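Enquirer: prediction below, plus the sequence it came from.
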Amino acid sequence: MHWCIWPGGLYPIHRDMGTPQPITGERLPAIALYPAVALSGLMRYGGSAFPEAMRGNLFSAQHNARKVQGHVLIGEGSSYRVDDYDFVTVDDPDFHPSDVLEAPDGSVLVLDTGSWYTQHCPTGKIRNSQSRGGIYRVTYRKAVSQPSHAETSNAALARMGRLTAPELVKLLETGNPHEQLAAAEALARFGSAEQLPALWSALRRHPDRMLEHAIIYAIHRHANRDELQVRRNDAEPHVAASAALLLDQPRLTNAASSGLEFLQRHKLAAVSGEIPADAQQKLAEYEALLTGGKAYRGRAVFSSPRTACASCHAIGQDGGKLGPDLTKIGAIRSGGDILESILFPSSTFAQGYQAVTISTGDGDELQGIVARESGEGVSLRDASGAETLVAHGQIRAMRMSAVSLMPSGLEQGMTREEFADLLAYLQSLK
């Protein structure tokens, strides 16, 4: 997951519709990766009410993981990596932090939405919960040392537009990696074609991927086609390849889009599934199985042909892609919500995994998960994992399905001991 909107970056979860952003090479590396975690708020702490080691840290509100994490920024080339630590953790399954903010006095405010939001599986719909959320203040009670006044860094001055073009060129040539990145970004915004020789020279020094992107993006902003034609024949292979890349950008408007973006663009609203009248009673009947199971045995149940869980759900690198990834399911959903999703798979749907029904001009009806959309049509993935391409001209109507592709009655194919083991295994996946 990228934690910033990088200048000139493309973010392909949303289909590009012809923006002027260039493709500069390989995908930019992420500062951190969090599978299936909803990062709903991000803040950089700039106060002085916490210990020095926490100043300048990032803090993220993780809605479905029910915690707030701190992230120590560690320089790595021209960018960063992070060292994570838990800042606020709560066992309450109805605690869902949606944002984290710095208060004027330097304390940290955590906004909790509670359990009212039930779309996309953060919370089950059946169990009765009265948690309405709240706002919490986190303070540090001990005395802390106050920081001394610090001069504004060259990187900050560059990004604020307070350095001249010659000063930016010098920073690009002699600064540390973070200063070089800031200089390249500033030259894209405040520079001109006069700085192109310095940008090409910086590219010859084989920068890391983040700095390379910033340099190529700056070149893209200032170089005309004649300049790129000349540089395409440069003796330095990296320069020649970058010029050729900018001269021959792919046609983005014909790119395939994801299933999630397809639903957003066609405005197919989520549909709630039916909840049986005896749902509360059935949940209470199986609730005792949430404790006492053996996770090591549950792994075998998960992989068993009788349950077929692994044919649809991935854990790590293993498993199917039809259903949501369960690698961190124990961290992002409570035991009770996992139980509900097994007993009543149509009660809630994970975002991007609600089935779509397509009616064709031939009178057929096809149901499945939208795998992708391209210029040829829409690819539906059915419960077996097979994909069917439906041409755009054949689509007469589309609607969201209220019935999950995951079959109900899974618990009937297991003993109670096996079900308890499966629940223990899923809850252990953190």
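Expert: Cool, got the structure. Everything numeric here is computed off the predicted structure, so don't read it as measured data.
Enquirer: my guess is residue 344 contacts residue 276, does it?
Expert: Yes: assessed by Cβ atoms under 8 Å, residue 344 is found in contact with residue 276 at 7.0 Å. Bear in mind the C-beta positions are built from the backbone N, C-alpha and C, glycine included.
Enquirer: more crowded one of these two?
Expert: residue 344 (21 against 14; other Cβ atoms under 10 Å).
Enquirer: give me the three-state assignment for residue 242.
Expert: Three-state call for residue 242 (DSSP: H, G, I helix; E, B strand; the rest coil): helix.
Enquirer: could we number from 32 for the rest of this?
Expert: All set: I'll call the first residue 32, so the last point we hit is now residue 273.
Enquirer: now for the closest residue to residue 416 other than its chain neighbours, how many residues are close by?
Expert: Nearest non-adjacent residue to residue 416, counting by Cβ to Cβ, 6 or more residues apart in numbering: residue 353, 5.7 Å away. Counted with other Cβ under 10 Å, the neighbours of residue 353 add up to 21.
Enquirer: can you tell me how far residue 353 is from residue 275?
Expert: Separation of residue 353 from residue 275 (Cβ to Cβ, to the nearest Å) stands at 40 Å.
Enquirer: now do the strands in the stretch 82-231 of the chain.
Expert: 89-93, 98-107, 110-120, 128-133, 139-143, 165-169 (DSSP state E, counting those that start in this stretch).
Enquirer: which secondary element of this protein has the worst mean pLDDT?
Expert: Among the helices and strands of the chain, strand 288-289 carries the lowest confidence by mean pLDDT, DSSP states H and E, at a mean of 49.
Enquirer: OK, contacts around residue 279?
Expert: Contact criterion Cβ atoms under 8 Å, 6 or more residues apart in numbering gives no residues in contact with residue 279.
Enquirer: distance of it from residue 270?
Expert: 15 Å.
Enquirer: doesn't residue 234 belong to a helix?
Expert: Yes: Residue 234: assigned to a helix according to three-state DSSP.
Enquirer: can you tell me the closest non-neighbouring residue to residue 202?
Expert: residue 214 (4.0 Å).
Enquirer: what is the burial count for the one you found?
Expert: Neighbours of residue 214 using other Cβ under 10 Å come to 33.
Enquirer: which strand residues sit across from the closest residue to residue 116 other than its chain neighbours in the sheet?
Expert: Spatially, and ignoring its direct neighbours in sequence, residue 116 is nearest to residue 101 (5.0 Å; Cβ to Cβ, 6+ apart). Taking DSSP bridges as the rule, residue 101 bridges to residue 90, residue 116.
Enquirer: residue 101 contacts residue 88, doesn't it?
Expert: Yes: judged on Cβ under 8 Å, residue 101 makes contact with residue 88 at a distance of 4.9 Å.
Enquirer: against residue 416, how distant is the closest residue to residue 55 other than its chain neighbours?
Expert: Among residues not flanking residue 55 along the chain, residue 247 sits closest, at 4.0 Å (Cβ to Cβ, 6+ apart). Separation of residue 247 from residue 416 (Cβ to Cβ) stands at 39 Å.
Enquirer: looking at those two, which has the bigger crowd around it?
Expert: residue 247 (25 against 14).
Enquirer: so the more buried one makes contact with residue 275?
Expert: No: counting by Cβ under 8 Å, residue 247 does not reach residue 275; the two are 11.6 Å apart.
Enquirer: endpoints of stretch 216-233, how far apart?
Expert: Terminal residues of stretch 216-233 are spaced 13 Å apart (Cα to Cα, to the nearest Å).
Enquirer: repeat that for stretch 376-394.
Expert: 28 Å.
Enquirer: list the buried ones in that stretch?
Expert: 376-381, 383-389 (16 or more other Cβ atoms under 10 Å).
Enquirer: ok, stretch 188-203 next?
Expert: Per 16+ other Cβ under 10 Å, stretch 188-203 contains these buried residues: 188-190, 194, 199-200, 202-203.
Enquirer: run through who's touching it.
Expert: 185, 210-211, 213-218, 220-223, 225-226, 229-230, 233.
Enquirer: show the buried residues in those.
Expert: Buried among those by 16+ other Cβ under 10 Å: 185, 210-211, 213-218, 221-222, 226, 229-230, 233.
Enquirer: helices - which of those land there?
Expert: 185, 210-211, 213-218, 221, 229-230, 233 (DSSP state H).
Enquirer: name the residues of stretch 418-435 that are buried.
Expert: Buried-residue list, stretch 418-435, by 16+ other Cβ under 10 Å: 421, 425-426, 429, 432, 434-435.
Enquirer: same list as before, those residues that is, but in TSV and with distance to residue 251 included.
Expert: Formatted as TSV, the buried residues of stretch 418-435 follow (distance: Cβ to Cβ, whole Å):
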residue	distance to residue 251
421	37
425	40
426	37
429	38
432	44
434	48
435	45
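Enquirer: ok, so of the residues you listed, who is nearest residue 139?
Expert: Set against residue 139, the nearest of the buried residues of stretch 418-435 by Cβ to Cβ is residue 435 (38.8 Å).
Enquirer: tell me how far residue 106 lies from residue 74.
Expert: For residue 106, the distance to residue 74 - Cβ to Cβ - is 20 Å.
Enquirer: next: residue 275.
Expert: Taking Cβ to Cβ, one finds residue 275 at 41 Å from residue 74.
Enquirer: ok, residue 144 next?
Expert: From residue 144 to residue 74 the distance is 17 Å (Cβ to Cβ).
Enquirer: of those two, who's got more company?
Expert: residue 144 (21 against 17).
Enquirer: so residue 385 makes contact with residue 436?
Expert: No: with contact defined as Cβ under 8 Å, residue 385 does not reach residue 436; the gap is 9.1 Å.
Enquirer: any shared contact partners between these two?
Expert: residue 400.
Enquirer: roughly how far does the closest residue to residue 274 other than its chain neighbours sit from residue 198?
Expert: Nearest residue to residue 274 in three dimensions, chain neighbours excluded: residue 262, at 3.8 Å (Cβ to Cβ, 6+ apart). Using Cβ to Cβ, residue 262 is found at 25 Å from residue 198.
Enquirer: the ones in helices among the buried ones among the contacts of stretch 188-203: which two are farthest apart?
Expert: 185 and 230 (18.1 Å).
Enquirer: ok, the closest residue to residue 261 other than its chain neighbours - contacts?
Expert: In this structure, residue 261 finds its nearest non-sequential neighbour in residue 274, 8.0 Å apart by Cβ to Cβ, 6+ apart. Going by Cβ under 8 Å, 6+ apart, residue 274 touches 259-263, 265.
Enquirer: and residue 363, by the same measure?
Expert: Neighbours of residue 363 in contact, by Cβ under 8 Å, 6+ apart: 67-69, 95-96, 153.
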